[in-house]
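J.: Let me see the structure of the following:
(one chain, ligands or ions: 2)
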Amino acid sequence: MSDIVNVDYSTRIPNNVSLTEDRQVLRALERWHPGYIDWWMQMGPQGFQESLVYLRTAVSVDPKGWAKFDYVKMPEYRWGILLAPQEEGRKIPFGRHYGEPAWQEVPGEYRAMLRRLMVIQGDTEPASVEQQRHLGKTAPSLYDMRNVFQVNVEEGRHLWAMVYLLQKYFGRDGREEAEQLLQRRSGDADKPRMLGAFNEATPDWLSFHMFTFFTDRDGKMQLESLAQSGFDPLSRTCRFMLTEEAHHMFVGETGIGRTIQRTCEAMKAAGIEDPYEINKVRDLGVIDLPTMQKKLNLHYSLSLDLFGSEVSTNAANAFNGSLKGRFQETKIDDDHRLESSTYPVLKLVDGEIKRVDEPALTAINMRLRDDYTADCQRGLDRWNKIIDRIGVNFRFQLPHVAFHRQIGEFRDIKASPSGELLDDAAWNGQKENWLPSKDDGDFIQSLMRQVVEPGKFANWIAPPRVGIDNKPGDFEYVKLAA
Ligand SMILES: [Fe+2]
Ligand SMILES: [Fe+2]
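T.: Ligands and ions are numbered 1, 2, ... in the order given. Model (predicted):
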């Protein structure tokens with residue numbers, strides 16, 4: 001390992017932030033790096049640290065440099081620090097400081113709030129690596145195995161991105177936060193990760209694909225709103241992270257899409273018309289659609305919780321302070337200050353779910369969540385097209401936002417996927433129809449067998465239409481024994 005620890009930082013870390021001229025930040029990063037590698041070896045993909053993986057590495061932010069493909073051992077991946085190019089004369093696009101020049105340094109009054117936003121974002125990045133570290137052992141193909149590893153190294157890079165900002169702009173406090181980011185562990189009783197969905201298990205590949213579809217999409221929305229930030233280095237960092245994040249959602253959407261395709265094709269071939277003949281479908285060695293709907297219900301509802309309370313003064317303060325904007329802020333046609341406008345919020349009023357107008361400033365989370373829901377729905381529409389095309393009678397649906405919530409307006413009530421309020425008895429009687437049961441989990445687990453012959457796929461998932469980097473179907477994406 002010594003050659004990894006004794007890094008020549010001028011060449012080992014691709015960066016466009018003049019790292020070699022920034023002695024103080026360089027020293028802080030040098031001190032942080034061995035701990036990061038320790039964390040990666042301990043909590044990164046288990047059993048594959050010596051494998052050669054065909055990975056995309058970003059070595060610069062221009063179109064030619066940010067997607068270089070080659071075989072690399074994951075601990076030797078070049079975790080770079082890359083910010084989208086500075087926009088000449090960029091103006092703050094929202095909040096109290098609307099129209100002022102974007103800040104190149106942290107404004108003193110917002111120091112604590114900004115640090116908090118970065119730490120929360122940063123904490124999710126290593127968390128998902130920890131959650132996914134067992135998946136290589138049950139990968140349905142070398143193609144899929146490579147994809148989870150690609151997601152993992154990029155989440156690692158996203159941690160670097162936040163740590164760079166913390167170390168460069170927040171001095172001693174920032175260095176302490178950077179240390180803490182390596183100390184917390186997903187699902188740990190004493191030192192858990194900060195957000196709920198990032199402490200859940202990712203026990204199988206259906207969960208992984210649901211996670212990258214739903215939870216990485218929350219990440220996309222958060223990055224989109226931070227990319228609007230008046231603090232320019234944060235904006236530029238997030239803009240570049242979004243280019244990588246798009247691949248994570250591709251992995252999720254196509255992973256589920258291929259699972260749906262395989263199930264529908266197997267049903268057709270066996271002459272099964274009714275998708276609810278679950279045992280018959282499962283006997284074909286594929287995952288029945290109703291179980292996929294239950295997994296979808298689970299991951300969507302956990303991801304909604306990540307948006308926080310519908311009405312939130314923290315969110316209002318972050319918007320008002322021009323620190324965290326809205327999805328596609330610059331394309332919205334309004335005053336971008338929101339001091340006098342309202343936004344409709346679903347709330348619990350006298351035991352009923354009602355739409356209530358709230359001040360738009362405090363409803364920032366709700367608005368972002370609505371944009372997220374619309375983005376999710378577009379993915380579901382594409383999945384439903386696959387089902388239609390093969391000719392099976394089934395539709396995936398997003399459950400109501402009141403369903404299975406632990407944060408916000410609906411955390412203390414029980415609601416069905418269609419939004420009907422239920423008492424405990426009714427909920428308990430039905431919940432196994434709406435959320436995955438232990439049996440469902442055991443069945444999915446029984447299908448999870450590693451397939452490592454190039455070009456071969458596990459029975460429960462269809463091959464992709466095209467390879468990564470346009471490689472042929474039998475390309476050896478991971479060379480296991482290096
Ligand atoms: Fe990320
Ligand atoms: Fe991601």
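
J.: Residue 432 belongs to a helix, doesn't it?
T.: Yes - counting by DSSP: H, G, I helix; E, B strand; the rest coil, residue 432 falls inside a helix.

J.: in the protein, which helix has the most residues?
T.: Secondary structure of the chain per DSSP state H: the longest helix is helix 232-270.

J.: and the stretch 1-150 of the chain, which residues reach ligand 1?
T.: residue 125 (CB under 5 Å from the ion). (C-beta placed from N, C-alpha, C; glycine too.)

J.: Could I get the full set of helices for the stretch 1-150 of the chain?
T.: Assignment of helices within the stretch 1-150 of the chain using DSSP state H, counting those that start in this stretch yields the ranges 2-5, 9-12, 23-43, 111-131, 142-169.

J.: right, and those helices - which one's nearest residue 226?
T.: helix 111-131 (6.7 Å; CB to CB).

J.: Does that closest one reach ligand 2?
T.: No - Helix 111-131 does not reach ligand 2 (CB under 5 Å from the ion); its nearest approach is 6.6 Å.

J.: how about the CA coordinates for that helix, as CSV?
T.: Output of helix 111-131 as CSV, limited to C-alpha atoms (Å, rounded to 0.1, in the frame of the first residue of the first chain):
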residue,chain,number,x,y,z
ARG,A,111,-20.4,30.1,7.7
ALA,A,112,-22.2,27.7,10.0
MET,A,113,-25.1,27.1,7.6
LEU,A,114,-22.9,26.5,4.6
ARG,A,115,-20.7,24.1,6.5
ARG,A,116,-23.8,22.2,7.7
LEU,A,117,-25.1,21.9,4.1
MET,A,118,-21.8,20.5,2.9
VAL,A,119,-21.4,18.0,5.7
ILE,A,120,-24.9,16.6,5.2
GLN,A,121,-24.3,16.2,1.5
GLY,A,122,-20.8,14.8,2.1
ASP,A,123,-22.1,12.3,4.6
THR,A,124,-24.3,10.6,2.0
GLU,A,125,-21.4,9.8,-0.3
PRO,A,126,-19.4,7.3,1.8
ALA,A,127,-22.6,6.0,3.3
SER,A,128,-23.8,4.5,0.0
VAL,A,129,-20.4,2.9,-0.6
GLU,A,130,-20.8,1.2,2.8
GLN,A,131,-24.3,0.1,2.1
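
J.: what angle sits between that helix and helix 232-270?
T.: Helix 111-131 and helix 232-270 are oriented at 30 degrees to each other (axes from the mean of the first three to the mean of the last three CA atoms, to 10 degrees).

J.: any idea of the angle the longest helix of the chain forms with helix 142-169?
T.: Using the same axes, to 10 degrees: helix 232-270 against helix 142-169 is 160 degrees.

J.: Which strands or helices does the following helix or strand past helix 232-270 pack on?
T.: On the C-terminal side of helix 232-270, the nearest following helix or strand under DSSP states H and E is helix 278-283. Using 3 or more CB pairs under 8 Å, 6 or more residues apart in numbering; DSSP states H and E, the elements in contact with helix 278-283 are helix 232-270, helix 289-305.

J.: Out of the ones you listed, which is closest to ligand 2?
T.: Counting by CB to the ion, ligand 2 lies closest to helix 232-270 out of the helices and strands packed on helix 278-283; the figure is 3.7 Å.

J.: I'd like the average pLDDT over the closest one.
T.: On average, the pLDDT along helix 232-270 is 97.

J.: measure residue 467 to residue 452 for me?
T.: 16 Å (CB to CB, to the nearest Å).

J.: And residue 189, by the same measure?
T.: For residue 189, the distance to residue 452 - CB to CB - is 35 Å.

J.: And the two? Which one has more around it.
T.: A direct count of neighbours by other CB atoms under 10 Å for residue 189 and residue 452 places residue 452 higher, at 13 against 7.
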